[in-house]
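# quick one: sequence plus predicted model below, questions after.
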Amino acid sequence: MMSAGKSLLDDADSTMPALSYAVALQTLASKVGFDWSDPRGVLDKIQEEAEELLSEINAAAPDKIQAELGDLLFAITNLARHLNVDPQQALQQTNQKFYRRFSFIEQQLTHQGKSVENASLLEMDALWERSKTEQSV
């Protein structure tokens, strides 16, 4: 039983990186049953949060956009926890993949005597798609 003024969530280390802290908060809440029983429920929540974010984007409300984006990131982190995926590792893996693919674009444009600064988005998109087939993972 929690004492007055103390939260179960106080056991999470708030100095951790934000993704890790989110997982810690969610894990603690889960221990007392405040959680989805199925990852599909989390996916529904992600959809709800994405729709709320879109609404604030359409309303051009910067302060609310940040809050809704935070809610969306928190929900996505929750999905990672439900799927036993470390969100920090997943994002790092994607960062590396993005780096490889964008570097591929730069290299291909250099071979064509161009640069990313003077290439069109259409050209870069085509090279991006090509990088997906020519590079592993």
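Structure's in. What do you need?

# pLDDT at the closest residue to Ser14 other than its chain neighbours, what is it?
Nearest non-adjacent residue to Ser14, counting by C-beta to C-beta, 6 or more residues apart in numbering: Tyr21, 6.1 Å away. (C-beta placed from N, C-alpha, C; glycine too.) Model confidence at Tyr21, expressed as pLDDT, equals 96.

# can you check Gln135 too?
For Gln135, the model assigns a pLDDT of 80.

# now it: how far from Asp10?
45 Å (C-beta to C-beta, to the nearest Å).

# next: Glu68.
Counting by C-beta to C-beta, the gap between Glu68 and Asp10 amounts to 26 Å.

# contacts only, for Leu43.
The contact partners of Leu43, taken as C-beta atoms under 8 Å, 6 or more residues apart in numbering, are Leu79.

# check which residues of the helix or strand hosting it are buried.
Element membership for Leu43, per DSSP states H and E: helix 39-58. Buried residues in helix 39-58, defined by neighbour count with 16 or more other C-beta atoms under 10 Å: Val42, Lys45, Ile46, Glu49, Ala50, Glu52, Leu53, Glu56.

# those residues: which two are farthest apart?
Val42 and Glu56 (21.1 Å; C-beta to C-beta).

# if I look at the residue nearest the centre of the chain, what pLDDT would I see?
By C-alpha atoms, centre = their mean, the chain has its centre lying nearest to Leu73, at 5.5 Å. According to the per-residue confidence, Leu73 scores 97 in pLDDT.

# ramachandran angles for the nearest residue to it once chain neighbours are set aside?
The shortest distance from Leu73 to any residue other than its chain neighbours is 7.6 Å, reached at Ala22 (C-beta to C-beta, 6+ apart). The phi/psi pair for Ala22 (degrees, to the nearest 10) reads phi -60, psi -40.
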